[in-house]
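>>> Just need the structure, nothing else, for what follows:
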Amino acid sequence: MSYLKYIKNIGIVLIILGHYYFCGYVLSEVHNMKNYEPNINVTVQSNDKNNIKSEQKQDTVKVNNLKTTDDEKIGMIEIPKINLKRYLYDIDSYQNDVDKNIEILKSSDMPDIDNGNLILAGHNGNSSVGHFRNLYKLSLGDEIIINYGGKSYNYEVSKIYDVLKTGKVAIKRDKNQQTITLITCQGSDRQLVVIGYLKKI
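Below is the predicted model:
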């Protein structure tokens, strides 16, 4: 009887230790998730054959302000073909996060910058934040509208391509034109890139 009691006590101790280890692991993972900052590397490639340059910038999304106000809404994106209409938030806003909205990447230029490139990233899929789920339906010539600063910037889709998902996205554009770039996932191992050039304001 004493041997069975000894085995039972050892079993209880092992269960308790396992429970504490599991709880510690879960708390550690939660802590790591809270401190997670997604990194998006963007490589910009020029289409100008006489002046081919490339730039690499690292963009880190940081949560600086947990409070959101309407003042942080700086514009809106509209893509009529896929019935998309979403607010865009200030680049330093807590809401400017791909896990909440369509995100303006920090290497972006706003639409009023000559020959700039507004780079927007959005999730694919059927979740509530899958705002770019229908991006694959776009074709050359389709319209992308950015309402910003009291003006409507109308872009025309001029290039669509996909790249391997490696943590870096090569943006192939004409640096002599004002550009919008939309980026989302395509399947499990690729990313879709849509390039549009400004046609009218």
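
>>> where does residue 13 land in three-state SS?
Three-state assignment for residue 13 (DSSP: H, G, I helix; E, B strand; the rest coil): helix.

>>> nope, residue 91 is what I meant
Residue 91 is classified as coil under three-state DSSP.

>>> Now do the same for it: its pLDDT.
Note for residue 91: predicted pLDDT of 92.

>>> How about the contacts made by the nearest residue to it once chain neighbours are set aside?
What sits nearest to residue 91 in space, not counting adjacent residues and going by Cβ to Cβ, 6 or more residues apart in numbering, is residue 104, at 5.2 Å. For the C-beta atoms, the positions are set from N, CA and C on the backbone; glycine is no exception. For residue 104, the contact set (Cβ atoms under 8 Å, 6 or more residues apart in numbering) comprises 88, 89, 91, 96, 118, 119, 120.

>>> who wins for neighbours among those?
Counting neighbours by other Cβ atoms under 10 Å, residue 118 leads these with 27 neighbours.

>>> list the contacts for that residue?
104, 108, 109, 110, 111, 146, 179, 180, 181.

>>> what about 6 Å?
Residue 118 makes contact with 108, 111, 180, according to Cβ atoms under 6 Å, 6 or more residues apart in numbering.

>>> how many other residues sit next to the nearest residue in space to residue 183 that is not next to it in sequence?
Residue nearest to residue 183 in three dimensions, not counting chain neighbours: residue 121, with 4.7 Å by Cβ to Cβ, 6+ apart. The tally of other residues near residue 121 (other Cβ under 10 Å) stands at 25.

>>> Equivalent analysis for residue 77, please.
With other Cβ under 10 Å as criterion, residue 77 counts 22.

>>> which residues touch it?
Neighbours of residue 77 in contact, by Cβ under 6 Å, 6+ apart: 86, 88, 146.
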